[in-house]
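*Asks:* dropping a prediction and its sequence here:
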Amino acid sequence: MQSTVRRIRHTVLAALAALALTTALTAAAAPAGATTTAAHAAASATSTGQPGDIVSAEPSRFMPNPLVLTSTRAWKIRYRSTTATGAPNVVSGTVLVPDDGRTGQRPLVTYAVGTVGLADNCAPSRGFPTGTTAEGSLIWQALLRGWAVAVTDYEGLGTPGTHTYTVGRAEGQAVLDAARAAERLPGTGLNADTPVGIMGYSQGGQASSWAAEIHDSYAPDLNVRGTATGGVPADLLKVADFNNGGVGAGLILAAAVGHDAAYPALDLAKYLNDNGRSVVNIVKTQCVAIDAIAGLFQRIDQVTVSNPLYQADWQSALRADALGTHAPDAPVYLYHGVIDELIPYTVGQQLRADWCAKGVDVQWQSMPLGHITGAIAGSPFAMAWLADRFAGHPTAGNC
């Protein structure tokens, strides 16, 4: 027992140290600007093809931080997916496979990153070659287990258009289609029988939870064994109310921009005052650290002439993102920090209750941590849970 505790403590501390290093180096090395390359713009989302089909692929590189090289085969891809309104689109992402000489089947994790920002240069695929993607060290832990990893950039992040930030259906579809794309990409050794795990935290928690809920209807061809998801903003209206005027206030405006991109009829511009327009311009062109500072402690009434969240169309759009309305068809590991300063703990508890009421095999884990510390410390346990699913071990649901 003591050796197990020591092993867990060592794993958590290693993950904490690795991600802390990555975060510090990322802040120093992240590129500026928000340009979209001509190669991205050349993709035609309306061309014939199915969700998950590869549009283009090119060799890339994976570094978990700017100081560490890895034995990993990497491809930057563009692949077909679907918008929240059902239209075809093209999304970018990355496929990673350990260069370990292994033959035969290996698991695949489709990994949904947390908030990085709305500018194209914030996309995970842009940072992997230089080790400036914030969750690179966490993703590396999956590669060290011998797993392949697919990482979506999400809609509009690294491809033309505005990132549809926190629009759950679009995110979930992009996550599932990234797995399909990885299986269809030549040279990965993956195929339609590959066991798939879904993982994400924060925005990635929303995306991975949506992927879990729509798997049976949208991508039943994927052999999903389970979903590990944490810090989930399962109710955006409650999350917005919680962050109004707080440290996460900038994320409210980012979510408004994301929904306006997905549903242009919402017409965010007519609600913004001069201050709001200024902050929105920053949100659209910078990455998350600057976005958070720009919106720090701003109340909605300080950036608008009238609050869009009081309007029926905005409330309808945000309620459409609610999780817990459909049962995932595979087991779920759900974790949340008790003192989460961005996503209320009660929101995570309610998602657990909703899924449990629908008969989902949920293993719930609360942690005496905040949002960022919960992401780091919770990751090793989430991956260990996925390893058990890949190995076919019994679940330990605790509804």
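*Replies:* Arrived safely, thanks for sending.

*Asks:* how is this structure divided into domains?
*Replies:* The chain breaks down into these domains under automatic domain parsing: 2-29+43-235+332-391, 236-319.

*Asks:* how far out from the middle of the chain is the longest one?
*Replies:* What it means is domain 2-29+43-235+332-391. Offset of domain 2-29+43-235+332-391 from its chain centre (CA atoms, centre = their mean, to the nearest Å): 6 Å.

*Asks:* and stretch 246-263, by the same measure?
*Replies:* For stretch 246-263, the distance to the chain centre is 16 Å (CA atoms, centre = their mean).

*Asks:* start the count at 40, not 1, going forward
*Replies:* Yep, numbering from 40; the last one is stretch 285-302 now.

*Asks:* may I see the buried residues of that stretch?
*Replies:* 285, 287-302 (16 or more other CB atoms under 10 Å). Glycine gets a C-beta too; all of them are placed from N, C-alpha and C.

*Asks:* can you give me the helices for the stretch 140-289 of the chain?
*Replies:* Using DSSP state H, counting those that start in this stretch, the helices of the stretch 140-289 of the chain run over residues 163-166, 175-183, 207-223, 242-257, 275-282, 288-301.

*Asks:* which one of those helices is the most hemmed in?
*Replies:* For those, average neighbour numbers computed from mean count of other CB atoms under 10 Å are highest in helix 207-223, which has a mean of 28.

*Asks:* shaky segments in the chain?
*Replies:* 40-86 (pLDDT under 70).

*Asks:* rewinding a little: out of the domains of the chain, nearest to residue 437?
*Replies:* Ranking those by proximity to residue 437 (CB to CB) places domain 41-68+82-274+371-430 first, at 5.7 Å.

*Asks:* list the contacts for the closest residue in space to residue 153 that isn't next to it in sequence?
*Replies:* Leaving out its chain neighbours, the residue that sits closest to residue 153 by CB to CB, 6 or more residues apart in numbering is residue 241, at 3.6 Å. Contacts for residue 241 (CB atoms under 8 Å, 6 or more residues apart in numbering) come out as 153-154, 269-270, 272, 381-382, 410, 414.

*Asks:* mind redoing it with 7 Å?
*Replies:* Applying CB atoms under 7 Å, 6 or more residues apart in numbering, we find residue 241 in contact with 153-154, 270, 410, 414.

*Asks:* dump the residues you listed to a markdown table, plus neighbour count and distance to residue 359.
*Replies:* Below are these laid out as a markdown table (neighbours: other CB atoms under 10 Å; distance: CB to CB, whole Å):
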| residue | neighbour count | distance to residue 359 |
| --- | --- | --- |
| 153 | 21 | 21 |
| 154 | 25 | 20 |
| 270 | 30 | 21 |
| 410 | 20 | 24 |
| 414 | 27 | 26 |
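
*Asks:* can you tell me which of the residues you listed is closest to residue 167?
*Replies:* Of the contacts of residue 241, the one sitting nearest to residue 167 (CB to CB) turns out to be residue 153, at 15.4 Å.

*Asks:* before we move on, back to that, of all the domains of the chain, which one comes closest to residue 364?
*Replies:* domain 41-68+82-274+371-430 (7.5 Å).

*Asks:* can you list the buried residues in stretch 345-358?
*Replies:* 347-348, 353, 356-357.

*Asks:* among those residues, which ones are in helices?
*Replies:* 353, 356-357 (DSSP state H).

*Asks:* send me stretch 424-435 as PDB with only the CA atoms.
*Replies:* Below are the C-alpha coordinates for stretch 424-435, written out as PDB (Å, rounded to 0.1, in the frame of the first residue of the first chain):
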ATOM      1  CA  TRP A 424      -8.300   5.000 -15.400                       C
ATOM      2  CA  LEU A 425      -8.100   5.000 -19.200                       C
ATOM      3  CA  ALA A 426      -5.300   2.400 -19.000                       C
ATOM      4  CA  ASP A 427      -7.700   0.100 -17.100                       C
ATOM      5  CA  ARG A 428     -10.300   0.600 -19.800                       C
ATOM      6  CA  PHE A 429      -7.900  -0.300 -22.500                       C
ATOM      7  CA  ALA A 430      -6.800  -3.400 -20.500                       C
ATOM      8  CA  GLY A 431     -10.400  -4.500 -20.100                       C
ATOM      9  CA  HIS A 432     -10.400  -4.300 -16.300                       C
ATOM     10  CA  PRO A 433     -13.700  -3.900 -14.400                       C
ATOM     11  CA  THR A 434     -14.900  -0.300 -13.700                       C
ATOM     12  CA  ALA A 435     -15.400   1.100 -10.200                       C
END
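
*Asks:* just to revisit the earlier point, got TSV for the helices of the stretch 140-289 of the chain, with distance to residue 372 too?
*Replies:* Below are these laid out as TSV (distance: least, CB to CB, whole Å):
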stretch	distance to residue 372
helix 163-166	22
helix 175-183	14
helix 207-223	16
helix 242-257	10
helix 275-282	21
helix 288-301	24
